[in-house]
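*Asks:* I would like to see how this sequence folds:
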Amino acid sequence: MPYAVGYASGRGKCNNKKGKAKGDFPLSNSLVRQVQSLLIHAARLIYWTQQAVKHRKHWECITETQEKNLRKRFNIENVNDLAGYADLKDVDKARVDALLGICIVRPPESEETSDPSENSKKVRMPKAALPGTNLILHVQDASSTGTKGTGSKATPISKSDPAPVPSASTSASTGKNPQSGSVPRPKPKPKVDLPQPGKSTPSEDLKELGNMHFRNGSYEIAIDMYTQAIALKPDSTYYTNRAAAYMELKRFQWVLDDCEAAILLQGQAPSSKTLARLARCHLILGDPEAALKFAQAAIDSDPISSAHPALLTKASAEQMKQNLHQSRRAWGEKRWSDAKNSLDEAVALCEGDYPSQWWVWEIEIEMARSNWDEALTLVEKVEKLYPDSVKVQVASAQVSLFTGRLASCYVYLRSALQKDPENLRAAALLQRLKAIDQAQQEGDRLSATFASVKYTEVFSVVRCLEEEGHGGHLRFNLLARRADAYIQQKSLNLARADCRAAMSIPNHPPPLKVWNILAKCHIALGNPRAALQVIEPAVELNRRDIGILITKSSAEKMKASLQLSREAWAKKDWLKAKDTLARAEAECTGDCLLQWWIWKVEMAMAMMDWEEAVHMGGTAIQLFSDSPDAFAILGLALMLSDKLDFCSESLQSALFLDLDHPLAFNTLCRVREIKRLREEGNQAFRFGRYPEAIQRYTETLNIIGNNDEEGGGGYIRGALLSNRAVALLKIKRHARALADIKASLELQPTSFKTVAFRRLFGISIPAAVTWR
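*Replies:* Numbers count the residues shown, from 1 in each chain. Predicted structure coming up:
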């Protein structure tokens, strides 16, 4: 309880005619010794400043105006905060309840003379009542000169008498931050033998008392003693001693203030010790330039000392300055890890709270490294240390923007612009924020086509800069929204590109939405395996999301249909393979993958539907014009359809895209051999060399083959069989000719030559051969 209340032991005459009791003592200026003397005998302390002290002995002598002033000066919310309140009379309790702010010391009830060091009470005046000081007045009982309750006058202490000595039962060193207010009262320390002041001045007595507590490690008490000494007589020694105590408690800003005050008092020849301490304090607070300046001044003022403490401070300041320079250079070269390491080395040289600019640099480095969690943690810390810093608020706004916290970004920027309306960085960031927020809101309202356009406009504002973490969570969310709009437009490749771009952003948030969109893209493009690889982690993270579960079910159905289709293909059940592939294709909402088109061409060739095979191959080329596989499968279909000229062009295009493409290379070699042997056979037939023609046709048929997957050789095999049949007829080998005609009828039942041979031999085409 920082305040006390009680009855004065002395009595005096009161000049106030309105009051029943006597005793009005105005005290002038800063004569603290007179204040102490009067307090010893009959003190009720109301208020003290360096200009005036008002002293009243009785409650009745206080006017209403003075009561109002007292309520403003003191801040006591409850009478329980007053020591000695329970011992007052009822009428005086009512007065205390009304005032709630008068600080009065209650003396002990004993009639015997008491030891001042035992019976003294420590009263700490609030900072509101003692501006600029931390004065502690110890009020002693005056019963040693008079009897309590007898009304006898107290003998005043003369000005030559020594000041009362403070009690040793005061608070110990706590190390609490000086900005956090008064520290709680600790347990009383054991009684110590206090030094006798003798004939020294009160300020010197307080300084010696502070030195004793400093040596004992009671830094808080030492600070109180030095503060009282400074209030009595400002002296550079008192300031430097208090600065040493503050240094032990790591209150470096107060050390800085006291050292600067001491240097001002020392005049033209400041102490080397004070300069060294000031240099070290600047170093601890992260100002290497000032630290170097004062360290050099300390060394120059005492150049003889070889073990000067400023030498170490100067070396540390030079190292700190070098580290900061290396950090900023690495930042400019986008070497983020090196910038952080150099800045950490500079921070290690600080023992206190380093400057706000260093915090801003740390936040910017973490943003560039895309460590958003660490950046948010730094923002929370620096806000408590520097709540009014515009630079800190702008850096906090950047982190909020790129982590998608637009409302918090608005708050930071408005606060920064209120404090500094001309801050260009805050104004530019606010313009970007408004453009992004407006585009997002419009994109959410518009249809998919216009929404994708709006989101595209935003990316000119949300730039993919490395120092901004590649756009962070904000760019990730915008890419996800535009990918969703592309899905609705069935622009699957664009949607997939946006999803991949979002996933490439370092340290992106949990991408459930992006995973779902990317899985839909894979399903729409006919790649269920890739869709399941993407969607399964999303299901593990959120098993209750209906959209994710539906996407997974579609992928599983498509995968099952494709598996049945390939099994039927392996069993050469072409109809079932085609039917199951059609069921899988029903799950696709866009253009299928190239592999599906290859399967369609292969199934059409296996079913000898050559027109369908060529049509599917041409569609594949239109969709995948940069794929050699599409040109190769089309070339094979054209070869089997007996369109060798177009076949050569398609195969050469495939080899132009991929010189080592195996299917295109092997098919082109087959086509060249087929052309050569076929031409030789036709030439031998024209010159009547029928056995030679039959041999060349046979070699050509061997190259073409009769694989079921290639439709038994296709149209081209049927044409060569009919040619060989004609040559066989010429040499009267009717049985073999008849066999070739039957095989040709199965491969090309609608060709003119085949129909003519059918009439010649009276052959009927089986129903199973007619596929269309």
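
*Asks:* now what about whichever strand or helix holds Ala298, what contacts it?
*Replies:* Assigned by DSSP states H and E, Ala298 belongs to helix 288-301. Contact with helix 288-301 is made by 269-273, 275-276, 278-280, 282-283, 308-311, 313-314, 316-318, 320-321, 324, as judged by CB atoms under 8 Å, 6 or more residues apart in numbering. Any C-beta I mention is one placed from the backbone N, CA and C, and that applies to glycine too.

*Asks:* Give me the three-state assignment for Asn706.
*Replies:* coil (DSSP: H, G, I helix; E, B strand; the rest coil).

*Asks:* How confident was the prediction at it?
*Replies:* Note for Asn706: predicted pLDDT of 88.

*Asks:* residues contacting it?
*Replies:* Gly712, Gly713, Arg717.

*Asks:* In the stretch 151-300 of the chain, what residue spans correspond to helices?
*Replies:* For the stretch 151-300 of the chain, the helices defined by DSSP state H, counting those that start in this stretch cover 202-215, 219-232, 236-248, 252-266, 272-284, 288-301.

*Asks:* Can you lay out those as TSV showing mean neighbour count and distance to Ala435?
*Replies:* Below are these laid out as TSV (neighbours: other CB atoms under 10 Å; distance: least, CB to CB, whole Å):
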stretch	mean neighbour count	distance to Ala435
helix 202-215	20	60
helix 219-232	24	54
helix 236-248	23	50
helix 252-266	20	41
helix 272-284	25	43
helix 288-301	20	40
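
*Asks:* Turn those helices into TSV, including distance to Pro537.
*Replies:* Converted to TSV, the helices of the stretch 151-300 of the chain look like this (distance: least, CB to CB, whole Å):
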stretch	distance to Pro537
helix 202-215	63
helix 219-232	57
helix 236-248	55
helix 252-266	50
helix 272-284	49
helix 288-301	49
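
*Asks:* Out of the ones you listed, which is closest to Ala427?
*Replies:* helix 288-301 (30.0 Å; CB to CB).

*Asks:* hang on, the earlier thing: among the contacts of Asn706, which one has the most neighbours?
*Replies:* If you count neighbours using other CB atoms under 10 Å, the busiest of the contacts of Asn706 is Arg717, which has 24 neighbours.

*Asks:* who touches the residue lying closest to that one once chain neighbours are set aside in this structure?
*Replies:* Leaving aside its chain neighbours, Arg717 sits nearest to Ile704 (4.9 Å; criterion: CB to CB, 6 or more residues apart in numbering). With contact set as CB under 8 Å, 6+ apart, Ile704 has these partners: Arg670, Ile674, Gly713, Gly714, Ile716, Arg717, Leu720.

*Asks:* can you list contacts of the helix or strand containing the second one?
*Replies:* When elements are defined using DSSP H and E, Ile674 is found to belong to helix 662-686. When contacts are taken as CB under 8 Å, 6+ apart, the neighbours of helix 662-686 outside the stretch itself are 628-629, 631-633, 635-636, 639, 644, 647-648, 651-652, 654-655, 658, 690, 692-697, 699-700, 703-704, 716, 720, 723, 726-727.

*Asks:* So for it, what gets flagged as buried?
*Replies:* For helix 662-686, the neighbour count (16 or more other CB atoms under 10 Å) marks 663-665, 667-668, 670-671, 674, 677-678, 680-681, 684-685 as buried.

*Asks:* and what of stretch 430-437?
*Replies:* By 16+ other CB under 10 Å, the buried positions in stretch 430-437 come out as Leu430, Arg432, Leu433, Ile436.

*Asks:* want to throw those into JSON lines with distance to Tyr410, pLDDT and secondary structure?
*Replies:* JSON lines is the format used below for those (distance: CB to CB, whole Å; pLDDT from 0 to 100; DSSP: H, G, I helix; E, B strand; the rest coil):
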{"residue": "Leu430", "distance to Tyr410": "8", "pLDDT": "92", "secondary structure": "helix"}
{"residue": "Arg432", "distance to Tyr410": "12", "pLDDT": "90", "secondary structure": "helix"}
{"residue": "Leu433", "distance to Tyr410": "7", "pLDDT": "91", "secondary structure": "helix"}
{"residue": "Ile436", "distance to Tyr410": "11", "pLDDT": "89", "secondary structure": "helix"}
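
*Asks:* Now flag whichever of those residues is closest to Glu567.
*Replies:* Lowest distance from Glu567 to these (CB to CB) belongs to Ile436, with 51.7 Å.

*Asks:* check contacts around the closest one.
*Replies:* For Ile436, the contact set (CB under 8 Å, 6+ apart) comprises Leu401, Leu406, Val458, Val461, Val462, Leu474.
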